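> Here is a sequence with its predicted model. Questions after.
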Amino acid sequence: MCIKREIPLGHFQARSQQLPALAPRALSTGLAPKEEPEASVPAAMLPRQLLARPAWLFRCPPGPRGACVPGAAGSWGRPVGPLARRGCCSAPGTPEVPLTRERYPVRRLPFSTVSEQDLAAFERIVPGGVVTDPEALQAPNVDWIRTLRGSSKVLLRPRTSEEVSHILRHCHERNLAVNPQGGNTGMVGGSIPVFDEIILSTARMNKVLSFHSVSGILVCQAGCVLEELSHYVEERDFIMPLDLGAKGSCHIGGNVATNAGGLRFLRYGSLHGTVLGLEVVLADGTILDCLTSLRKDNTGYDLKQLFIGSEGTLGVITAVSILCPPKPRAVNVAFLGCPGFAEVLQTFSTCKGMLGEILSAFEFMDAVCMQLVVRHLHLASPVQESPFYVLIETSGSNAGHDAEKLGSFLEHALGSGLVTDGTMATDQTKVKMLWALRERIAEALSREGYVYKYDLSLPVERLYDIVTDVRARLGPHAKHVVGYGHLGDGNLHLNVTAEAFSPSLLGALEPHVYEWTARQQGSVSAEHGVGFRKRDVLGYSKPPKALQLMQQLKALLDPKGILNPYKTLPSQA
Ligand SMILES: O=C(O)CC[C@@H](O)C(=O)O
Ligand SMILES: [Zn+2]
């Protein structure tokens, strides 16, 4: 067990107050240099096609951004983070998000409403941490993709686990419903209230408690922002085992509560493996200390696993112990165009064989994704127009060796027609620029209007079939039907855009997409979780007995059902 030591990271707190710079990070250094890739890799190692062209065709930075004030109506409501920084969200005329209960049939459960006495009690527990200003409550009531809105009138900002414990003890006694909230970057409506649940924000719980430089074990409070933690451990020659597009806003506690997957899953696996311990406050205020830093602990039921992916329905995660892998000495990225999905699959299987253990990510996107990224985010594709694109990342300990391996794989892929065009980067600025094309697809899609999102786990060979199927099924009724995602993990993001929400379009998509997924023995949620949006489709991926056990666990740990009601569990069961 490690000794906990408080290492205050002053800038965490400052950042959560400050307004973000709005320039996209990938472009923040100004115009990208027009130069050949690779200073460090001998030209002989690279396929000729890769050397023949400038790799960096990113266009000029976007024009001046609007005054995107966090919390203001029409903003994304994301106080910090790449997505918030990368795009202005206060476009005039952005429609008001409808109340969740107006769009979806849901009945308020008989919880109490917050009284003046409750507010006074909260003020005693968290002095200065009780927010009731309607303006300030707008953003935390709306989900990141601006499709759902709750009507909470109180947000609490504790700093310590003890304060969380006192809050929950009070709420439990008073039968007040609570919505735990991290960075509010979820895709399934799990982090915002449905009615007037009290929002319990982890934003001020942002301290690193300890870091072991030999083992790489980090212990921190739940509200640490993922990107801040990444910087913290990278300065010490480690990396976080997870990375996602929302890293600038999302909190580690929220990542764990939702079992976030992301871009490093292929290499480092799920949080079920990398999280070593958790501290959780239960619904009645009891603090459950499972914050071990042991790699091996075979003492019966591993209770922390219950809370990973429980989306705040079983307890509020207040601290996390996580195993950080050593920082790879060399990270290379190849961005390639493929003529068809069969070639994408073949590229994956060939590169697994040829790159072996240095392969750390294999992502794909279709042509429409690229068109939208180019159109909305002022980036330019570094390769010729293709039906599909793949991003391959290697992480290893020997820069020359890794680049050589990747180079000979690319040569093979180009020579055999699996790939028609490509570029490769070892310089970290350029690596980030290539990643931006993939990481920022969700942001580009959100500029298109309403987005119907599906996050499916599928046998990799069938991954794109549902995109083709839905495209044919919806025809002109959809604006765009796109497929992209973590191909290496068998995880498809099927997104459908339309001018506005339409019940008939939704009816054409659901349950069709879920039925199709069930026929492939897939999962209706690969990494985004269940939240509010998917609670009634769990039956497509879980047998009735599993759902019954989930209900029983919920009743055991939260008998009054005050923690994140209307989420994760089916509404009818
Ligand atoms: O918006 C989506 O559907 C996916 C978002 C995220 O999981 C990604 O992989 O980019
Ligand atoms: Zn994803």
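Arrived safely. Owing to the predicted nature of the structure, the values given are computational and were not obtained by experimental measurement. Ligands and ions are numbered 1, 2, ... in the order given.
> OK, now which residue of the stretch 51-200 of the chain is nearest to ligand 1?
Residue nearest to ligand 1 within the stretch 51-200 of the chain (CB to the nearest ligand atom): Met187, separated by 5.7 Å. For every residue, glycine as well, the C-beta is placed using N, CA and C.
> And the nearest residue to that residue once chain neighbours are set aside, how close does it get to Ile145?
Leaving out its chain neighbours, the residue that sits closest to Met187 by CB to CB, 6 or more residues apart in numbering is His528, at 4.4 Å. To Ile145, His528 is 11 Å away according to CB to CB, to the nearest Å.
> Now list whatever residues contact both of those two.
Between them, His528 and Ile145 share these contacting residues under CB atoms under 8 Å, 6 or more residues apart in numbering: Met187, Lys453.
> Would you pull up how far stretch 539-559 lies from the middle of the chain?
Distance, stretch centre to chain centre, for stretch 539-559: 25 Å (CA atoms, centre = their mean, to the nearest Å).
> can you dump the C-alpha coordinates of it into PDB?
Taking Å, rounded to 0.1, in the frame of the first residue of the first chain, the C-alpha atoms of stretch 539-559 are listed here in PDB:
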ATOM      1  CA  GLY A 539     -31.300  -6.500 -23.400                       C
ATOM      2  CA  TYR A 540     -29.800  -6.700 -26.900                       C
ATOM      3  CA  SER A 541     -26.400  -7.400 -25.300                       C
ATOM      4  CA  LYS A 542     -27.100  -8.900 -21.900                       C
ATOM      5  CA  PRO A 543     -29.300 -11.800 -20.900                       C
ATOM      6  CA  PRO A 544     -32.300 -11.300 -18.500                       C
ATOM      7  CA  LYS A 545     -30.500 -12.900 -15.600                       C
ATOM      8  CA  ALA A 546     -27.500 -10.500 -15.900                       C
ATOM      9  CA  LEU A 547     -29.900  -7.500 -15.900                       C
ATOM     10  CA  GLN A 548     -31.700  -8.900 -12.900                       C
ATOM     11  CA  LEU A 549     -28.400  -9.200 -11.000                       C
ATOM     12  CA  MET A 550     -27.600  -5.600 -11.900                       C
ATOM     13  CA  GLN A 551     -30.900  -4.500 -10.400                       C
ATOM     14  CA  GLN A 552     -30.200  -6.500  -7.300                       C
ATOM     15  CA  LEU A 553     -26.700  -5.000  -6.900                       C
ATOM     16  CA  LYS A 554     -28.200  -1.500  -7.300                       C
ATOM     17  CA  ALA A 555     -30.800  -2.300  -4.600                       C
ATOM     18  CA  LEU A 556     -28.100  -3.600  -2.300                       C
ATOM     19  CA  LEU A 557     -25.800  -0.600  -2.600                       C
ATOM     20  CA  ASP A 558     -28.300   2.200  -3.100                       C
ATOM     21  CA  PRO A 559     -31.600   1.000  -1.700                       C
END
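> how about it: buried residues?
With burial defined by 16 or more other CB atoms under 10 Å, the residues of stretch 539-559 counted as buried are Gly539, Tyr540, Ser541, Lys542, Met550, Lys554, Leu557, Asp558.
> how close does the fifth one get to ligand 1?
Here the distance between Met550 and ligand 1 works out to 24 Å (CB to the nearest ligand atom, to the nearest Å).
> same question, the second one
The gap separating Tyr540 from ligand 1 is 18 Å, by CB to the nearest ligand atom.
> Also Phe409?
The gap separating Phe409 from ligand 1 is 24 Å, by CB to the nearest ligand atom.
> so how far is Ser446 from the nearest residue to that residue once chain neighbours are set aside?
Closest residue in space to Phe409, ignoring its immediate chain neighbours: Met354 at 4.4 Å, by CB to CB, 6+ apart. Spatial separation of Met354 from Ser446 under the definition CB to CB is 36 Å.
> Neighbour count: those two, which is higher?
Neighbours were counted for Met354 and for Ser446 using other CB atoms under 10 Å; Ser446 has more, 21 against 16.
> Help me confirm that that one comes into contact with Ile145.
Yes - under the criterion of CB atoms under 8 Å, Ser446 lies in contact with Ile145, with a separation of 6.4 Å.
> Now do the strands in the stretch 451-573 of the chain.
For the stretch 451-573 of the chain, applying DSSP state E, counting those that start in this stretch gives strands covering 480-486, 491-498.
> just the stretch 51-200 of the chain next, same as before
According to DSSP E, counting those that start in this stretch, the strands that the stretch 51-200 of the chain contains are 130-131, 155-156, 178-181, 198-201.
> The first one - what's its average pLDDT?
For strand 130-131, the per-residue pLDDT values average out at 98.
> I'd like the strands of the stretch 451-573 of the chain as TSV, with mean neighbour count and distance to ligand 1 appended.
Conversion of the strands of the stretch 451-573 of the chain to TSV gives the following (neighbours: other CB atoms under 10 Å; distance: least, CB to the nearest ligand atom, whole Å):
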stretch	mean neighbour count	distance to ligand 1
strand 480-486	24	6
strand 491-498	24	4
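> returning to that earlier point: quick one: the residue nearest to Phe409 is in a helix?
Yes - read with DSSP: H, G, I helix; E, B strand; the rest coil, Met354 is one of the residues of a helix.
> ok, it touching Glu411?
No - contact criterion CB under 8 Å: Met354 and Glu411 do not qualify, at 10.2 Å.
> Name the helix or strand for Ala322, please.
No Ala there; residue 322 is Ile. For Ile322, the element it lies in under DSSP states H and E is strand 316-323.
> For the very next helix or strand once past that strand, name the packing helices and strands.
Where DSSP H and E defines the elements, the next helix or strand beyond strand 316-323 is strand 330-338. Using 3 or more CB pairs under 8 Å, 6 or more residues apart in numbering; DSSP states H and E as the contact test, the elements touching strand 330-338 are helix 341-355, strand 388-396, helix 399-415, strand 421-425, helix 428-439.
> and the ones you listed as JSON lines, adding distance to Asp284 and mean pLDDT?
Shown next, in JSON lines, are those (distance: least, CB to CB, whole Å; pLDDT from 0 to 100):
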{"stretch": "helix 341-355", "distance to Asp284": "48", "mean pLDDT": "97"}
{"stretch": "strand 388-396", "distance to Asp284": "44", "mean pLDDT": "98"}
{"stretch": "helix 399-415", "distance to Asp284": "52", "mean pLDDT": "94"}
{"stretch": "strand 421-425", "distance to Asp284": "52", "mean pLDDT": "95"}
{"stretch": "helix 428-439", "distance to Asp284": "40", "mean pLDDT": "96"}
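> Report the closest residue of the stretch 101-250 of the chain relative to ligand 1.
Of the residues in the stretch 101-250 of the chain, the one nearest ligand 1 is Gly245, at a distance of 4.9 Å by CB to the nearest ligand atom.
> Quick check: phi and psi on that residue?
Here the main-chain torsion angles of Gly245 (degrees, to the nearest 10) amount to phi -60, psi -30.
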